[in-house]
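Chemist: predicted structure and sequence below. I'll ask about it afterward.
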Amino acid sequence: METKSILIDNVTILGDEIKKGSVIVENDKIVEITEKTGSHSADEIINGEKKVLMPGLVNTHTHLSMTLMRGLADDLPLDTWLNDHIWPVEANLTGDYCYAGALLACIEMIKSGTTAFNDMYFFMDDVAKAVDNSGLRGMLSHGMIDLGDEEKRKAEFRETMRIIEKCHDTADGRIKVAFGPHAPYTCSTELLKEVREKASKLGLKIHIHVAETEFEVGQVKESYGARPFEYLDEIGFLADDVIAAHAVWLSDKEIKIIKENNVKLSHNPTSNMKLASGISPVSKLIESGVNVSLGTDGAASNNNLDLFEEMKLAALLQKVNTGDSTVLPAEKVLEMATIDAAAALGLENEIGSIEVGKKADLVLVDMKTPSLTPFRHPVSHVVYAANGGDVDTVICNGEILMRNKVLEVLDEAEVIQLAEGAAEELLSKS
Ligand SMILES: CSC[C@H]1O[C@@H](n2cnc3c(O)ncnc32)[C@H](O)[C@@H]1O
Ligand SMILES: [Zn+2]
């Protein structure tokens, strides 16, 4: 195979230490990080002057195709939002609609510096097709809901196994598949136990919503006599392969359970604030040694997929919640959106940091803009001053997906038109 090389020259590199230099990529990997500049040849040369090179951001909780429902039902609590607005629309989803929504989401993520994500939704082979076409990296799960119905449960496992067989480890290894039981209040104990058994046997991750609202805690207590994480622990569901989204309402006992089982948490500050679900005790969880990464949730409850916004809001929310401005400093928040998120997906040896031997999932942020001037403290700027719109160039798996703010994959205008049409048609059916 012919070697393809990229030189990112004369750039400020956000690594263990921040240094000025160059990064050389060969095929899908970073092969050299050097303080030398202008001294290497390559097939592609990217001038990194006045730019920061950071690891691609990793979003650990998404529902990509929900971009079609952006702005559909705002200013509502979760149960009303889901039961009266989202689920009735989702009843009319098709593979084509999910493909269109996922493509749109992929463009939005590329343009705002996200190179990997953890997605749970429907028609996941169509979502996989969109992810493959976009060049991004994704962990995909079919969202399972049985509401205690045995026939539904069997159908959910059939669909999950179909997606695993068809999509796992495809697109040059960029696409992985996980199990996606929706939540303890929509999945029976039987379903959750079977997911646990099959995930352990197949070595696949589990993606689930847990302890999002106080209402959910009440529901689970009423059904099972225990709080959500206590119940999941009692049925043997929890382990280090579980990525639990939200984790807002937690007792001290549950924090201990999460830590002891090495469960990974995805914190979704915007979604939690918008639905008024509550504030996750993130700084306490991190102090307790829990891996907490960041997610946007779907675009219908956020209402975008910009992880730069999520980083800033995560930091600010903990500061105001604890009354302590020193908690969750910028450096830690950046880790949550990169290396900690990579670890949650089991990809810490492949992505999440700029290191020789790792996959080239890289983002260049343009610092020559008024809101990032003076170019003083790169991490502070990335977390507190930048937004997705400052992303200049994006590389995933060694492929340039966007260069100088222009997409090199997918036709943006065409995808916008496709998604507009799909959203309109979907809504007209509901
Ligand atoms: C079964 S596929 C995923 C399922 O989850 C719904 N969803 C989107 N956001 C949330 C959230 O914050 N809490 C719970 N469920 C959510 C989505 O609409 C799909 O039905
Ligand atoms: Zn969600």
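Modeler: Now that the structure is in, tell me what you want to look at. Ligands and ions are numbered 1, 2, ... in the order given.

Chemist: what values do phi and psi take at Gly138?
Modeler: Gly138 adopts backbone torsions of phi -150, psi 150, taken as degrees, to the nearest 10.

Chemist: ok, the residue lying closest to it once chain neighbours are set aside - contacts?
Modeler: Nearest non-adjacent residue to Gly138, counting by CB to CB, 6 or more residues apart in numbering: Val131, 4.5 Å away. Glycine gets a C-beta too; all of them are placed from N, C-alpha and C. The contact partners of Val131, taken as CB atoms under 8 Å, 6 or more residues apart in numbering, are Ala102, Cys106, Arg137, Gly138, Leu140, Ala171, Arg174, Ile175.

Chemist: ok, so of those, who is nearest Lys332?
Modeler: Arg137 (23.4 Å; CB to CB).

Chemist: I'd say that closest one and Asn397 touch.
Modeler: Yes. Arg137 is within contact range of Asn397, at 6.6 Å (criterion: CB atoms under 8 Å).

Chemist: which neighbours do those two share?
Modeler: Both Arg137 and Asn397 are contacted by Arg174, Lys359, Asp361, under the criterion CB under 8 Å, 6+ apart.

Chemist: next, the contact list for Met311, please.
Modeler: With CB under 8 Å, 6+ apart, Met311 has these contacts: Leu294, Val333, Leu334, Met336, Ala337, Val382, Val383.

Chemist: next, the residue nearest to Gly138: phi, psi?
Modeler: Backbone phi and psi, for Val131 under degrees, to the nearest 10, turn out to be phi -60, psi -40.

Chemist: what's the spacing between it and ligand 1?
Modeler: 16 Å (CB to the nearest ligand atom, to the nearest Å).

Chemist: before we move on, what about Ile395?
Modeler: Per CB to the nearest ligand atom, Ile395 is found 30 Å from ligand 1.

Chemist: same question for Ile175.
Modeler: Taking CB to the nearest ligand atom as the measure, Ile175 falls 18 Å from ligand 1.

Chemist: settle this for me: that residue is touching Ala130, isn't it.
Modeler: No. Counting by CB under 8 Å, Ala130 is not a contact partner of Ile175; they are 10.5 Å apart.

Chemist: neighbour count winner among those two?
Modeler: Ala130 (24 against 21; other CB atoms under 10 Å).

Chemist: quick one, phi psi at the residue of the stretch 51-200 of the chain found nearest ligand 1?
Modeler: Closest to ligand 1 within the stretch 51-200 of the chain is Gly143: 2.1 Å, counting by CB to the nearest ligand atom. Backbone torsions for Gly143, taken as degrees, to the nearest 10, come to phi -70, psi 120.

Chemist: do the one 4 residues further on as well
Modeler: For Leu147, the backbone dihedrals are phi 50, psi 40 (criterion: degrees, to the nearest 10).

Chemist: state the number of residues packed around the closest residue in space to Asp306 that isn't next to it in sequence.
Modeler: Take Asp306 and drop its neighbours on the chain: the residue closest to it by CB to CB, 6+ apart is Gly388, 3.9 Å away. The number of residues packed near Gly388 is 20, by other CB under 10 Å.
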